[in-house]
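Chemist: Quick one, what's the 3D model for this:
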Amino acid sequence: MKTLLTRSISGLIFVVLVVLSLTLEPLFFLAFFSVIVGIGLFEFHKLFSGKNQLTHSWSVTVILGYISFLSLVLPSYLIYNFSLNPLWFILAVLLFYGLLQVLIYKNTTSSIFLFLGAIMYVVIPFYLAFEIHIKDTGTLPIILGVFLLVWTNDTFAYLSGNIVGKHKLYEKVSPNKTWEGFAGGFAFAIIMGFILDQYVYVDAGYAPCFWVKSAIFIAPAAVAGDLFQSALKRKMKVKDTGNIMPGHGGILDRFDAMLFALPVFYILLYFDVI
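Modeler: This next block holds a predicted model:
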């Protein structure tokens, strides 16, 4: 009972912070998710440094990863706020490359590739989220809809799996996940998409059934992100990536589904699939 209460309180605080960061000025979104990226990079490094697969210091992963994140998001933020020409982005990339050579030159090839993996896995999804958010002119943030779909999918996949789950989805990676849970999460994500279309984003100007079609892609992506994170932890033989969120684990544990859902949603928007 105490564990459930702790998990609920920390989860509620997390939801409030996410919603506030999305509904306030873009600077708050940038600040909040900058912290998330920094912690996520630290957790990623810790996950792979246990068996000396990442041989450089955690500070290298966090600092260089954070520089890459800022190099990507700041031009968009500065243009949005001050109409500045982002030519300095080239200098930022050169600085990033120089630091990479200086600090990681003597490390193994696998360590360098894992560092690039950290950029792809942690930095890029949040950069894409920022790009979507900074260009969003709607009254209600579009990224909030993505979070609602992912949270709905996760919640009802868990409930459906516990109530009627019998057939394992991928037992070697995540023994508790079932096909029944997957179906339940997918179905309720579609329902949430319908609610968003009909009652929440009514005057947003999106295409018909925008959120229902989004849910069809986002729900499986969220499950894939969850499974991928589970596979990493199983390979490294750890239960959680961190303990910053009582009852939930680390930042990567909490954002595992979003790390796959955000790039998928960005592609859907970019290619005008929905």
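Chemist: element containing residue 176?
Modeler: According to DSSP states H and E, residue 176 maps onto strand 174-178.
Chemist: actually residue 238, not the one I wrote
Modeler: Using DSSP H and E, residue 238 sits within no helix or strand.
Chemist: My guess is it contacts residue 47. True?
Modeler: Yes: the pair residue 238 / residue 47 is scored as a contact, 6.6 Å apart, by CB atoms under 8 Å. Quick note: C-beta positions are derived from backbone N, CA and C, even for glycine.
Chemist: returning to that earlier point: in the strand holding residue 176, what counts as buried?
Modeler: Buried positions in strand 174-178, judged by neighbour count with 16 or more other CB atoms under 10 Å: 174, 177, 178.
Chemist: quick one: contacts of it?
Modeler: Strand 174-178 is contacted from outside by 157, 160-161, 165-170, 223, 226-227, 230, using CB atoms under 8 Å, 6 or more residues apart in numbering.
Chemist: Which ones among those map onto helices?
Modeler: 157, 160, 161, 223, 226, 227, 230 (DSSP state H).
Chemist: Neighbours of the second one, how many?
Modeler: Residue 160: 21 surrounding residues under other CB atoms under 10 Å.
Chemist: And for the last one?
Modeler: As a burial measure, the neighbour count of residue 230 was computed by other CB under 10 Å and equals 19.
Chemist: give me every residue that touches it.
Modeler: Residue 230 makes contacts with 173, 174, 256, as judged by CB under 8 Å, 6+ apart.
Chemist: Distance-wise, check it relative to residue 36.
Modeler: For residue 230, the distance to residue 36 (CB to CB, to the nearest Å) stands at 20 Å.
Chemist: cool, residue 29 as well?
Modeler: If you go by CB to CB, the gap between residue 29 and residue 36 works out to 10 Å.
Chemist: Please apply the same query to residue 165.
Modeler: On the measure of CB to CB, residue 165 and residue 36 end up 31 Å apart.
Chemist: quick revisit: comparing residue 29 and residue 36, which residue is more hemmed in?
Modeler: Neighbour count, other CB under 10 Å: between residue 29 and residue 36, residue 29 has more, with 24 against 20.
Chemist: In contact with residue 118, which residues?
Modeler: Contacts of residue 118 were listed using CB under 8 Å, 6+ apart, and they are 41, 44, 45, 61, 65.
Chemist: Try it again at 6 Å.
Modeler: Applying CB atoms under 6 Å, 6 or more residues apart in numbering to residue 118 gives the contacts 41, 44, 61, 65.
Chemist: would you turn the residues you listed into a markdown table with neighbour count and distance to residue 11?
Modeler: Listed next are the contacts of residue 118 as a markdown table, based on neighbours: other CB atoms under 10 Å; distance: CB to CB, whole Å:
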| residue | neighbour count | distance to residue 11 |
| --- | --- | --- |
| 41 | 28 | 23 |
| 44 | 28 | 22 |
| 61 | 26 | 27 |
| 65 | 24 | 26 |
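Chemist: now, the most widely separated pair of those?
Modeler: Taking CB to CB, the two most distant members of the contacts of residue 118 are 44 and 65; they sit 8.3 Å apart.
Chemist: Please convert the buried residues of strand 174-178 to TSV, extending it with distance to residue 211.
Modeler: What follows is those, written out as TSV (distance: CB to CB, whole Å):
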residue	distance to residue 211
174	27
177	25
178	26
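Chemist: quick revisit: got TSV for the contacts of residue 230, with pLDDT too?
Modeler: Output for the contacts of residue 230, formatted as TSV (pLDDT from 0 to 100):
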residue	pLDDT
173	85
174	85
256	93
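Chemist: If anything else comes up later, I'll come back, but that's it for now.
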